[in-house]
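> pasting the sequence and the predicted coordinates here, then a few questions.
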Amino acid sequence: MSPAMDRAPVDPATVLVREAHLLDPRAGLDGPGDLLVRDGQIAALGEPGSLEAPDGCEVVEAQGLHAFPGFVDPHVHLRTPGQEYKEDIQTGTRAAAAGGFCAILAMPNTRPVVDNASIVQSLREIAGTQARIPTGFTAAVTVGQKGEQLTEAAELAAAGAAGLTDDGLPIRSAGLMRQALQYQRLAGLTIALHEEDPTLSAGGVMHEGEVSALLGVAGIPSVSESVMVGRDCDLAAYEDARIHVQHVSARTTVEIIERAKAAGIKVTAEATPHHLLLSDEAVRTLDTNKKMNPPLRSEDDRQAIIDGVRSGTLDTIATDHASDATASATTGRESAETSG
Ligand SMILES: [Zn+2]
């Protein structure tokens, strides 16, 4: 079953992109050229400077710029319902469209949590009038993301949920995770996982390593992620279910996923731009903007994530976009809950 993706009606664009570097591996495109979009559809490709702009067509002079196919972001936080002072469906999808994204999936750790069919339905209705790009909504694995009682996966699937996740929080109980996978197989929704063993990560504020030792602050060890990924790959294999690992941050996690895939386990995984670009060196200045969950890890972990994307072990890049209000309006507890 394909997930529901809703958006507001839009007027299709007519635009000529002139002399861009056109890139589309699937179409075998990698070189300079003109690109004409007519009524929202690619109408012509040509040599640089060769295409004429139709009447009323917007022209983008794109020398020195790259043109890519639209990006899809499988992991964003739109903050609706309940925290619209941070973000809402309209502002989040406008920002995504401006960044080149043509479809996104929203996470359910809102207030209230998206954990029943009526909330999914109302979000889809709002998206149908406000979303600027096709937007899908995931629902929680457990009621209120409390990790105690499973949500009604079949009802959520029927309401058009795009997947299930308790993103921001791990599913602590292996027994509950196993049950979730059994229901998931019946409902056909992939379970996406924020992997963290809180008994290992509790109290930590950054990656546990040389930098945290030098700064004298409590660390979050990479095994707090990878032991849970190992557990859930085993459970997915045992239940012949499908899982998706969110925001992979550690080399050990990449290695476990690589082995799981080689063994035929149905696991996919994502890397974030920040884990590809930054390491715990960025936290040396104690800049709290560099503090996140999962944390920026060591340079060795970063290299493993780059290699994982190159090899296809990590299937997709996901931003984990999460707008936050000003520090004065946000308690520490809240940012811990709503990050990741
Ligand atoms: Zn997230």
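Received, thanks.
> mean pLDDT per helix and strand in this protein: which one sits at the bottom?
Least confident helix or strand of the chain, by mean pLDDT, DSSP states H and E, is helix 332-338 with a mean of 40.
> gap between N293 and the ion?
Relative to the ion, N293 is positioned 9 Å away (Cβ to the ion, to the nearest Å). C-beta: built from backbone N, CA, C; applies to glycine.
> check contacts around A106.
Going by Cβ atoms under 8 Å, 6 or more residues apart in numbering, A106 touches 76-78, 80, 89, 92, 123, 135-138.
> least confident pick among the residues you listed?
For those, the weakest pLDDT value sits at T80, with 89.
> what's it sitting at in phi/psi?
The phi/psi pair for T80 (degrees, to the nearest 10) reads phi -100, psi 130.
> can you check N289 too?
Main-chain torsions, N289, degrees, to the nearest 10: phi -70, psi -20.
> secondary structure class for the one residue in the stretch 51-200 of the chain that gets nearest to the ion?
The stretch 51-200 of the chain approaches the ion most closely through D167 (4.5 Å), counting by Cβ to the ion. Classification of D167 using DSSP: H, G, I helix; E, B strand; the rest coil returns coil.
> pLDDT value on the residue lying closest to S118 once chain neighbours are set aside, please?
The shortest distance from S118 to any non-neighbouring residue, by Cβ to Cβ, 6 or more residues apart in numbering, is to A159 (7.8 Å). pLDDT for A159: 97.
> I'd like the numbering to begin with 5 instead of 1 from here.
Renumbered: residue one is now 5, and that last one reads A163.
> and A163, how many neighbours does it have?
If you count neighbours by other Cβ atoms under 10 Å, A163 ends up with 20.
> let me see the contact set for it.
Contacts of A163 (Cβ under 8 Å, 6+ apart): 121-122, 124-125, 128.
> could you do R42 as well?
With contacts defined as Cβ under 8 Å, 6+ apart, R42 is in contact with 18, 48, 58, 61.
> among the residues you listed, which lie within strands?
A48 (DSSP state E).
> the strand or helix carrying T95 packs against which elements?
Under the criterion of DSSP states H and E, T95 resides in helix 93-102. Judged by 3 or more Cβ pairs under 8 Å, 6 or more residues apart in numbering; DSSP states H and E, the packing partners of helix 93-102 are strand 75-81, strand 105-110, helix 121-134, strand 325-326.
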